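A.B. asks: Here you go, sequence then predicted model.
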Amino acid sequence: MRLVHLLRGLTVELDLFGAEFAARNGLHPTDLRALIHLLDAARAGEVVTPGRLGEALRLNSAGTTGLVDRLERLGLIRRERDPRDRRKVRLVVEERAMELGQGFFGGLIGDLVTEMGRFDPAELATARHFLEAMTAVVAAARGGS
């Protein structure tokens with residue numbers, strides 16, 4: 001159970017850190033989750049439409065539209081026609097959002113990477129496997145991916 005409590009503690013600390021970023025930048029916690037989802041998708045080479053974003057965040061159509069409108073108004077994302085299918089709209093994270101994130105989270109990420117350097121590759125592989133498994137358990141428990 002100690003590991004479960006440590007995971008919960010890490011989750012709370014990361015959530016508080018994210019909440020501070022959101023508060024400083026006039027964002028709702030859902031706005032931050034949306035940006036994280038969009039950044040992760042971009043890193044994976046995936047296209048995200050408003051509908052897919054709404055599904056991922058479990059928002060209805062009106063809530064998704066409000067979220068996208070808000071992030072677009074803040075200059076953090078933009079709607080862009082899909083070049084392969086002009087009927088589709090995809091969401092793209094603006095450079096401004098990445099700069100804000102880097103400015104706020106960059107120090108923490110650097111500290112995390114430095115701390116990871118204290119572990120050998122086998123330990124990091126075990127930690128990665130553990131975190132992937134725990135993430136899958138939580139996603140399955142909430143009925144998501």
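C.D. replies: Cool, the structure landed.

A.B. asks: Kindly export stretch 87-95 (C-alpha atoms) in CSV.
C.D. replies: Written as CSV, here are the backbone C-alpha positions of stretch 87-95 (Å, rounded to 0.1, in the frame of the first residue of the first chain):
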residue,chain,number,x,y,z
ARG,A,87,-14.4,19.3,-44.0
LYS,A,88,-12.5,18.4,-40.8
VAL,A,89,-11.1,20.9,-38.4
ARG,A,90,-8.0,20.0,-36.3
LEU,A,91,-6.7,21.8,-33.3
VAL,A,92,-3.1,23.0,-33.2
VAL,A,93,-1.2,24.2,-30.2
GLU,A,94,0.3,27.7,-30.7
GLU,A,95,3.9,28.5,-29.9
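
A.B. asks: How about the secondary structure of residue 79?
C.D. replies: Under DSSP: H, G, I helix; E, B strand; the rest coil, the three-state class of residue 79 is strand.

A.B. asks: how deep is it tucked in, by neighbour count?
C.D. replies: 13 (other CB atoms under 10 Å). The C-beta positions use only the backbone N, C-alpha and C, and glycine is treated the same way.

A.B. asks: Helices along the chain, start to end?
C.D. replies: 2-24, 29-43, 50-57, 61-73, 95-116, 121-141 (DSSP state H).

A.B. asks: which stretch among those comes nearest residue 84?
C.D. replies: Closest to residue 84 of those, according to CB to CB: helix 50-57, at 15.4 Å.

A.B. asks: Report all helices and strands that that closest one contacts.
C.D. replies: Counting contacts by 3 or more CB pairs under 8 Å, 6 or more residues apart in numbering; DSSP states H and E, helix 50-57 is packed against helix 29-43, helix 61-73, strand 89-93.

A.B. asks: Present these as TSV; the columns should include mean neighbour count.
C.D. replies: Formatted as TSV, the helices and strands packed on helix 50-57 follow (neighbours: other CB atoms under 10 Å):
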stretch	mean neighbour count
helix 29-43	17
helix 61-73	15
strand 89-93	18
